[in-house]
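Enquirer: with the sequence up front, the predicted model follows.
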Amino acid sequence: MKIFLKVLAVILSIACGAVFLLSAYTKLFPIEPFEYTFVELGITGWKGSVFIARLFIGFEFACGGLLILNFWLKRFTIPLVSFTLLAFIAYLLVQLAHYGNTGNCGCFGTFFVFTPLQGILKNIALLVAALFIYFFHPNFSFRFMKLITIVLVIVAFALPFILNPVDFDSAAKNYTEKLNYKLDLDAVYNKPDVPTPKAELRKGKWIIAFMSLTCPHCRIAAKKLHVMKLKNPNLPIYLFLNGPDKYIKPFFDDTRATDLNWSLLNGKGLFFKISGPAVPQIDWVNNDTVENKSNYFVLQQKDVEDWLKK
């Protein structure tokens with residue numbers, strides 16, 4: 001019986017390690033929603049988030065590697081993993097209390113969508129497995145174990161920066177195409193079959209984003225705009241959304257962008273006539289004139305705030 005428990009503990013350690021590796025890898029592509037989480041929590045700013053996110057993913061890679069190799073389990077790995085899982089559970093409980101059991105908890109990036117409750121249950125299962133490993137693992141060591149561990153940790157923390165490097169150019173510049181043209185917003189206000197915007201977008205400065213309810217990149221862009229609005233409630237942001245009504249709730253459950261003004265723009269070809277052929281489209285509009293454009297990769301809150309002050 002004791003041998004069976006020891007073997008099971010070894011197998012569970014490998015299985016838990018695989019879950020950590022999967023969790024780390026799936027956060028990398030796309031990494032932006034995970035970066036925005038650290039800004040939303042107030043842990044770091046926009047520029048720091050690109051590094052913190054990758055370091056955290058590296059930490060997950062390191063934990064996964066140590067679990068798979070069954071290294072330092074009782075002395076170091078299991079206590080560290082258990083503390084991490086408890087922190088995850090506490091975070092998800094706060095999300096559950098604040099937003100309800102909606103949206104994606106981000107445990108596996110956008111690859112596997114887990115609700116906060118599912119994420120909590122997953123982490124509790126991992127925590128129970130970790131405790132079983134702690135009490136029943138045979139524990140072992142060998143001569144080069146410390147050296148292998150050092151190499152593993154260095155590789156684990158470097159891996160996110162290698163697989164998904166920080167793009168310093170896109171983080172510092174705006175994306176521009178044809179500019180200084182009139183955005184045909186009159187069509188939105190003059191058509192009886194189109195919901196009238198909740199604000200007068202033809203006057204003053206606005207960040208106007210055109211998004212499809214079913215576009216995954218649009219959801220990432222909406223998440224970023226939501227966090228920007230959270231950090232500065234005075235930002236004038238408006239969303240024009242396109243798609244069937246049944247996708248409205250899933251869109252906002254995922255992005256939590258309910259703090260942004262929005263309206264549907266489903267008129268016959270009207271959405272793409274105004275926005276252009278690709279979404280998400282983010283326009284910097286000054287008195288109905290498009291002065292700049294950004295994709296969500298390069299959209300920076302400070303740049304928007306400086307533009308608004310001009």
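Expert: Perfect, I can see it now.

Enquirer: next one: stretch 179-199 to chain centre, how far?
Expert: Put simply, stretch 179-199 sits 31 Å off its chain's centre (CA atoms, centre = their mean, to the nearest Å).

Enquirer: what's the first-to-last distance across that stretch?
Expert: In stretch 179-199, first residue to last residue: 23 Å (CA to CA, to the nearest Å).

Enquirer: if we go by neighbour counts, what in that stretch is buried?
Expert: Leu183, Leu185, Val188, Val194, Pro197 (16 or more other CB atoms under 10 Å). Where you see a C-beta, it was placed from the backbone N, CA and C, and this is true even at glycine.

Enquirer: out of the residues you listed, which is nearest to Asp303?
Expert: Nearest to Asp303 among those is Leu183, at 19.3 Å by CB to CB.

Enquirer: now the closest one: how far from Asn261?
Expert: Per CB to CB, to the nearest Å, Leu183 is found 16 Å from Asn261.

Enquirer: likewise Pro233?
Expert: Applying CB to CB, the value for Pro233 to Asn261 is 12 Å.

Enquirer: show me which of those two is the more surrounded one.
Expert: Set Pro233 next to Asn261 and count neighbours by other CB atoms under 10 Å: Asn261 wins out with 14 against 8.

Enquirer: surely that one and Lys198 touch.
Expert: Yes - if you go by CB atoms under 8 Å, Asn261 and Lys198 touch, sitting 5.0 Å apart.

Enquirer: thinking again about what came up before, out of the buried residues of stretch 179-199, which sit inside helices?
Expert: If you go by DSSP state H, these have Val188 in helices.

Enquirer: could you dump the buried residues of stretch 179-199 to JSON lines with distance to Ile248 and pLDDT?
Expert: Shown next, in JSON lines, are the buried residues of stretch 179-199 (distance: CB to CB, whole Å; pLDDT from 0 to 100):
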{"residue": "Leu183", "distance to Ile248": "24", "pLDDT": "90"}
{"residue": "Leu185", "distance to Ile248": "22", "pLDDT": "88"}
{"residue": "Val188", "distance to Ile248": "18", "pLDDT": "87"}
{"residue": "Val194", "distance to Ile248": "16", "pLDDT": "81"}
{"residue": "Pro197", "distance to Ile248": "16", "pLDDT": "90"}
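
Enquirer: the lengthiest helix in the chain: which residues count as buried?
Expert: Looking across the chain with DSSP H, the single longest helix is helix 2-28. Buried residues in helix 2-28, counted by 16+ other CB under 10 Å: 9-10, 12-13, 16-17, 19-28.

Enquirer: by how many degrees do the next helix-or-strand element following it and helix 2-28 diverge?
Expert: Using DSSP states H and E, the helix or strand that directly follows helix 2-28 along the chain is helix 32-40. With axes from the mean of the first three to the mean of the last three CA atoms, to 10 degrees defining the directions, helix 32-40 sits at 90 degrees from helix 2-28.

Enquirer: hmm, who's touching helix 32-40?
Expert: When contacts are defined by CB atoms under 8 Å, 6 or more residues apart in numbering, helix 32-40 is touched by residues 27, 44-46, 48-50, 52-53, 56-57, 106, 109-110, 220, 223-224, 227, 230-231, 296-297.

Enquirer: in helices only, show me the residues you listed.
Expert: Per DSSP H, the contacts of helix 32-40 map to helices at 27, 46, 48-50, 52-53, 56-57, 220, 223-224, 227, 230-231.

Enquirer: out of those residues, which are buried?
Expert: So, by 16+ other CB under 10 Å, the buried ones in the ones in helices among the contacts of helix 32-40 are 27, 46, 49-50, 52-53, 56-57, 220, 223-224, 227, 230.

Enquirer: residues in contact with the closest residue to Lys27 other than its chain neighbours?
Expert: Distances taken as CB to CB, 6 or more residues apart in numbering place Gly109 nearest to Lys27, at 4.3 Å, with adjacent residues excluded. Residues in contact with Gly109 (CB under 8 Å, 6+ apart) are Thr26, Lys27, Leu28, Phe29, Pro30, Ile31, Pro33, Phe34.

Enquirer: excluding residues flanking it in the chain, which one is nearest the fifth one?
Expert: Same thing as Pro30. Nearest non-adjacent residue to Pro30 (CB to CB, 6+ apart): Ile220, at 6.1 Å.

Enquirer: pLDDT score assigned to that neighbour?
Expert: Here the pLDDT value assigned to Ile220 is 95.

Enquirer: for the one 4 residues further on, same thing?
Expert: Looking at Lys224, its pLDDT is 96.

Enquirer: the one 3 residues further on too?
Expert: pLDDT, the model's per-residue confidence, is 96 for Val227.

Enquirer: Asn242 versus that one, what's the distance?
Expert: Distance, Val227 to Asn242, using CB to CB: 22 Å.
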